[in-house]
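Colleague: below is the structure, and that's it, no one-letter string:
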């Protein structure tokens with residue numbers, strides 16, 4: 001299916017439910033208000049050149065046809081009440097130029113100006129059109145997301161909302177896409193090359209059942225002689241995929257390979273960040289070796305290398321990085337990436353399938369066009385308890401070989 005047609009029904013700004021109004025009854029222009037100023041950290045600022053994150057949930061159950069309007073109003077009301085709690089998401093990014101030293105500063109003005117809510121309808125697209133193809137149909141999935149290709153800094157330049165939501169009705173279901181400003185990941189190719197290379201990449205979803213995960217984890221720990229499950233399930237899965245992709249990339253034995261893992265800092269810092277901290281807190285670590293060494297040493301060794309590199313990111317090292325960044329700020333991913341790269345961000349522990357708006361659980365999660373590069377592996381929880389799905393983004397030739405290497 002090519003060039004799917006999407007009809008945009010409405011575009012609305014949704015504001016927090018408990019807004020105050022002027023005594024004369026006129027609504028406040030929240031875009032002009034000076035709300036609470038929220039300064040940004042190095043973990044936020046270094047992501048400015050990345051695209052908006054784009055994640056969405058696919059639902060098979062569709063509300064009754066006589067409640068289409070109420071269905072949209074219900075979601076808008078739910079979002080509005082949620083913004084009472086997460087009110088900074090209804091704010092705006094503000095850019096300030098300091099004339100004395102010609103520096104530029106950014107902060108979030110939590111003025112409650114609102115979140116963009118888009119209601120759209122597709123013509124002829126079914127849930128099966130998205131779920132059944134082995135290779136994710138980007139020509140169908142990508143148009144389900146708003147703000148394609150928009151970098152984070154554009155929110156300040158164009159006064160964009162910090163969050164956009166697109167609800168797209170399908171023939172037999174609907175898709176809920178969320179596009180927040182900022183991206184808790186640690187990668188991106190130069191922006192000049194990203195848009196052209198995105199069209200050359202394909203994505204597949206690799207499903208790992210609970211039984212398969214237990215098998216890989218046990219194998220990795222046994223190969224290293226570990227008796228207390230020192231290697232985690234996720235580390236075993238990442239090592240398995242690292243070996244599989246490296247094998248089908250047909251590299252020379254002395255070629256460098258790298259797996260970059262985006263690590264959360266919330267519990268690693270001392271003291272830990274508070275549970276309600278809303279900003280980004282992530283740094284990337286690189287696990288590097290030769291391609292031949294990775295293939296020769298096998299699953300346990302690869303998983304152990306990932307484990308050790310993750311453990312090496314201490315609170316002291318993380319704080320030093322952040323302090324050094326203030327003196328010499330850089331943007332994430334700008335510059336040359338390591339060769340033969342794989343990278344992972346996100347988590348398989350997110351409560352994806354707990355999102356039930358009254359019409360049943362989601363049947364799948366899909367991502368949009370933003371920040372897609374050759375070698376990106378994103379873990380999601382699987383629909384069945386204990387399972388994990390990896391979204392794998394690679395060049396088409398690599399995808400073709402990987403499909404013969406790994407059962408999808």
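Modeller: It's in. Only a predicted model underlies this, so the values are computations on that prediction, with no experimental measurement involved.
Colleague: check which helix or strand covers the spatially most central residue of the chain.
Modeller: Among the residues of the chain, residue 53 comes closest to the average C-alpha position under CA atoms, centre = their mean, at 5.1 Å. Assigned by DSSP states H and E, residue 53 belongs to neither a helix nor a strand.
Colleague: separation between it and residue 146?
Modeller: Shown here: residue 53 relative to residue 146, a distance of 12 Å by CB to CB, to the nearest Å. For the C-beta atoms, the positions are set from N, CA and C on the backbone; glycine is no exception.
Colleague: identify the contacts common to the two.
Modeller: Contact with both residue 53 and residue 146 is made by residues residue 179, according to CB atoms under 8 Å, 6 or more residues apart in numbering.
Colleague: distance check, residue 261 against residue 308.
Modeller: 12 Å.
Colleague: neighbour-wise, which of the two wins?
Modeller: When residue 261 is set against residue 308 and neighbours are counted by other CB atoms under 10 Å, the residue ahead is residue 261, at 22 against 12.
Colleague: hang on, that one in a helix?
Modeller: No. When classified by DSSP: H, G, I helix; E, B strand; the rest coil, residue 261 is found to be strand rather than part of a helix.
Colleague: if it is in a bridge, with which residues?
Modeller: In this structure, residue 261 bridges to residue 285, residue 344 when assessed by DSSP bridges.
Colleague: correct me if wrong: it contacts residue 310.
Modeller: Yes. When contacts are counted by CB atoms under 8 Å, residue 261 is listed as touching residue 310 (6.4 Å).
Colleague: any low-confidence regions in the stretch 101-250 of the chain?
Modeller: Within the stretch 101-250 of the chain, the stretches falling below the threshold (pLDDT under 70) are 181-199.
Colleague: which stretches in it count as strands?
Modeller: 103-110, 115-122, 163-169, 174-180, 202-208 (DSSP state E, counting those that start in this stretch).
Colleague: distance to residue 223 and mean neighbour count added to those, as JSON lines?
Modeller: As requested, the strands of the stretch 101-250 of the chain are arranged in JSON lines below (distance: least, CB to CB, whole Å; neighbours: other CB atoms under 10 Å):
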{"stretch": "strand 103-110", "distance to residue 223": "47", "mean neighbour count": "16"}
{"stretch": "strand 115-122", "distance to residue 223": "48", "mean neighbour count": "20"}
{"stretch": "strand 163-169", "distance to residue 223": "44", "mean neighbour count": "23"}
{"stretch": "strand 174-180", "distance to residue 223": "40", "mean neighbour count": "22"}
{"stretch": "strand 202-208", "distance to residue 223": "18", "mean neighbour count": "19"}
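Colleague: let's have these in CSV, adding distance to residue 134.
Modeller: Converted to CSV, these look like this (distance: least, CB to CB, whole Å):
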stretch, distance to residue 134
strand 103-110, 41
strand 115-122, 21
strand 163-169, 23
strand 174-180, 20
strand 202-208, 6
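Colleague: residue 79 - nearest residue in space that isn't next to it in sequence?
Modeller: residue 14 (5.1 Å; CB to CB, 6 or more residues apart in numbering).
Colleague: repeat for residue 39
Modeller: Ranked by CB to CB, 6+ apart and with sequence neighbours excluded, the top spatial neighbour of residue 39 is residue 107, at 5.2 Å.
Colleague: from residue 15, how far off is the one you found?
Modeller: Residue 107 sits 20 Å away from residue 15, going by CB to CB.
Colleague: could I get the full set of helices for the stretch 301-408 of the chain?
Modeller: Along the stretch 301-408 of the chain, the segments classed as helices by DSSP state H, counting those that start in this stretch run 315-327, 396-405.
Colleague: what's stretch 135-151 in contact with?
Modeller: Applying CB under 8 Å, 6+ apart, the contact partners of stretch 135-151 are 1-4, 6, 48-52, 54, 56, 116, 118, 122, 125, 129-130, 160, 164, 166, 168, 175, 177, 179, 191, 195, 202-205, 366, 368-370, 391, 399.
Colleague: one more time with 7 Å, if that's ok
Modeller: The contact list for stretch 135-151 (CB atoms under 7 Å, 6 or more residues apart in numbering) reads 1-2, 4, 6, 49-52, 54, 56, 118, 125, 129-130, 164, 166, 168, 175, 177, 179, 191, 195, 202-205, 366, 368-369, 399.
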